[in-house]
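# need a structure here:
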Amino acid sequence: MKKALTSLLLLVAIATPLAAQHKPSFIEIDTATYRSYLHKDWDRIITVGKLGLSNDIDYYYLRLRIAYAYYMKKQYRQAIPYYQAALKFSSKDATAMEYLYYCYLYGDRFNDAERLVRKFSPALRKYLHITTNPFTGLSLFVTYATGATASEKEAVNLIETETVDGSQVLQNSFSNYNLNLNHKITNSVILHHSLNLLFKDEYSVAIGNGAPYLSESQVVRQFSYMMAIDITPIQGLTITPAGTYVNYRIPIFYDYGAGLGKNRSVYAYNTHNEGGLSLKITKQAGPLSISIVGGYSYMNLSNQITGAGSLTIYPLGNLNLYATATGYYHMQSQNGHSLNQVIQSYKLGFKVMKYLWLEGYTMLGDFSNLQDPFSGITYNSLELYHDFYGANIYIPFSKIGVSLFGGYRNYNSISQFVPVENVFEGYNNISFKYQSFTGGIIWKL
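Numbering: from 1, shown residues only. This next block holds a predicted model:
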């Protein structure tokens with residue numbers, strides 16, 4: 001009875017402004033948090049537990065109770081430091097490791113989850129159904145996009161440019177096929193492979209050696225491969241070097257023919273090889289994920305150096321709500337000419353219902369020749385991207401496992417005649433819009 005009364009008095013004291021004047025004892029903190037645990041009063045556990053920590057009362061069960069309270073509130077990122085602290089008291093405790101593992105997974109810290117697995121005992125691995133399968137993820141996406149209208153194509157007029165070698169294109173349509181595969185080298189090193197096949201149908205005008213030509217439909221075939229390596233030397237820090245290779249072929253026509261049944265002939269293919277390198281560092285800090293990246297690329301006869309930073313916040317400590325802001329400083333150079341571009345992107349994602357997530361995003365700022373180190377997308381078309389916006393939908397069948405994906409983008413772009421000698425001095429600007437639609441499947445293994 002006396003202990004119950006003491007605990008009750010402590011709870012009352014905590015709930016009043018006089019709490020700051022009361023220095024609780026170990027017994028009071030332990031009793032109050034344990035009783036709150038029995039009554040599933042998660043908020044009270046957190047309040048009392050933090051009061052104890054602020055008064056130098058710190059021990060394994062207190063950390064475990066606070067962590068579990070956050071876990072039950074689905075505030076997984078907030079629970080992480082308390083489970084980590086509990087493991088400092090008992091480094092091989094299976095309970096703390098199990099819940100920390102799920103906090104990493106549900107808090108969008110996959111690399112930390114994989115790194116933690118190496119500390120699991122065989123019994124814990126078996127209990128959590130963790131296999132030795134080195135593959136961690138597989139995804140497949142298909143994208144189709146529309147193109148410019150007939151009136152926009154009619155606006156292309158190169159009569160006054162026949163003394164300048166260069167080209168101008170307007171998109172008729174494109175289809176893109178993307179395959180991604182992730183696998184482990186060790187629990188701290190994960191490789192990401194991305195293969196892309198792009199078939200882009202373009203309305204193209206060009207000047208070569210003073211001679212103009214027009215192609216109402218030329219299909220550019222592009223293959224690209226990207227490999228990124230996530231290296232997590234310590235929990236909460238991931239270093240990601242990445243490299244991209246791009247190969248595309250542009251058909252050159254010489255015979256258009258005339259009359260029924262006579263088609264144009266392909267004289268040759270103009271083949272281009274491009275690529276880039278980048279290094280990204282990501283730090284996890286409570287509800288925040290902070291990334292900085294630097295990269296170099298060579299696209300469309302010019303060199304690019306890109307610096308970028310990204311901040312993602314998970315205000316609820318989970319994937320039910322998250323927001324990302326990213327800024328890029330993109331510098332291009334060619335034959336003594338240069339161009340600097342400032343780009344912004346924003347994303348907001350949230351849970352609509354149990355098996356439905358939505359994302360909205362936008363990218364702003366006139367840019368070109370960009371290998372985006374965050375999305376992995378290569379923007380190497382001759383067009384100038386003014387802005388785009390879109391939405392994604394995710395339908396997961398479980399917290400980890402198979403998800404369906406759908407995406408939509410609306411692009412506002414500018415077609416330019418791009419001179420060979422100075423790709424930054426484009427002219428004959430034509431604004432055009434088009435949309436893309438993506439569908440796919442994501443499988444976390």
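
# where does pLDDT dip in the chain?
Applying pLDDT under 70 to the chain flags the ranges 1-22, 157-162, 253-267, 399-400.

# and it, what are its domain boundaries?
Domains of the chain are assigned by automatic domain parsing as 2-127, 135-444.

# any chance of TSV for those domains, columns mean neighbour count?
The way it works is simple: take the backbone N, C-alpha and C, and place the C-beta from them, glycine included. Compiled in TSV, those are given as follows (neighbours: other C-beta atoms under 10 Å):
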stretch	mean neighbour count
domain 2-127	18
domain 135-444	16
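
# quick one, strands of the stretch 101-250 of the chain?
135-145, 166-186, 189-208, 211-234, 237-255 (DSSP state E, counting those that start in this stretch).

# so in that sheet, which strands flank the first one, and in what orientation?
Strand 135-145 has these partner strands in its sheet, going by DSSP bridges: strand 166-186 (antiparallel), strand 427-444 (antiparallel).

# what about those, which gets the closest to residue 155?
Set against residue 155 and scored by C-beta to C-beta, those come closest in strand 427-444, at 5.0 Å.

# against which helices or strands is the helix or strand containing residue 331 packed?
Using DSSP states H and E, residue 331 falls within strand 321-334. For strand 321-334, the elements it packs on are strand 302-313, strand 337-353, strand 356-367, judged by 3 or more C-beta pairs under 8 Å, 6 or more residues apart in numbering; DSSP states H and E.

# so which elements touch the longest one?
Looking back up the chat, that one is strand 337-353. Looks like strand 337-353 contacts strand 321-334, strand 356-367 (3+ C-beta pairs under 8 Å, 6+ apart).

# gap between the nearest residue to residue 29 once chain neighbours are set aside and residue 30?
Nearest residue to residue 29, sequence neighbours excluded (C-beta to C-beta, 6 or more residues apart in numbering): residue 52, at 3.7 Å. Note on residue 52: its distance to residue 30, by C-beta to C-beta, to the nearest Å, is 8 Å.

# between those two, which contacts overlap?
Residues touching both residue 52 and residue 30 by C-beta atoms under 8 Å, 6 or more residues apart in numbering: residue 62.

# circling back to that earlier point, quick one: closest of the strands of the stretch 101-250 of the chain to residue 97.
Comparing those by C-beta to C-beta, strand 211-234 comes nearest, at 16.4 Å.

# give me the sheet partners of the closest one and which way each runs.
Using DSSP bridges, the strands paired with strand 211-234 are strand 189-208 (antiparallel), strand 237-255 (antiparallel).

# turn those strands into JSON lines, including distance to residue 425.
Shown next, in JSON lines, are the strands paired with strand 211-234 (distance: least, C-beta to C-beta, whole Å):
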{"stretch": "strand 189-208", "distance to residue 425": "14"}
{"stretch": "strand 237-255", "distance to residue 425": "21"}
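
# which stretch among those strands comes nearest residue 376?
So among the strands paired with strand 211-234, strand 189-208 is nearest, using C-beta to C-beta, at 5.7 Å.

# rewinding a little: which other residues reach the strand or helix carrying the residue nearest to residue 29?
Secondary structure assignment for residue 52, by DSSP H and E: helix 42-54. Residues outside helix 42-54 that contact it (C-beta under 8 Å, 6+ apart): 10-11, 14, 19, 24, 26, 29, 32-33, 36-37, 58, 62-63, 65-66, 68-70, 72-73.

# just these: which are in strands?
Taking DSSP state E, every one of those sits outside strands.

# out of those, which sit inside helices?
Taking DSSP state H as the definition of helices, these contribute 10-11, 14, 26, 29, 32-33, 36-37, 62-63, 65-66, 68-70, 72.

# got a list of what the nearest residue to residue 370 once chain neighbours are set aside touches?
Leaving aside its sequence neighbours, residue 370 sits nearest to residue 379 (C-beta to C-beta, 6+ apart; 4.5 Å). With contacts defined as C-beta under 8 Å, 6+ apart, the neighbours of residue 379 are 367, 368, 369, 370, 371, 372, 385.
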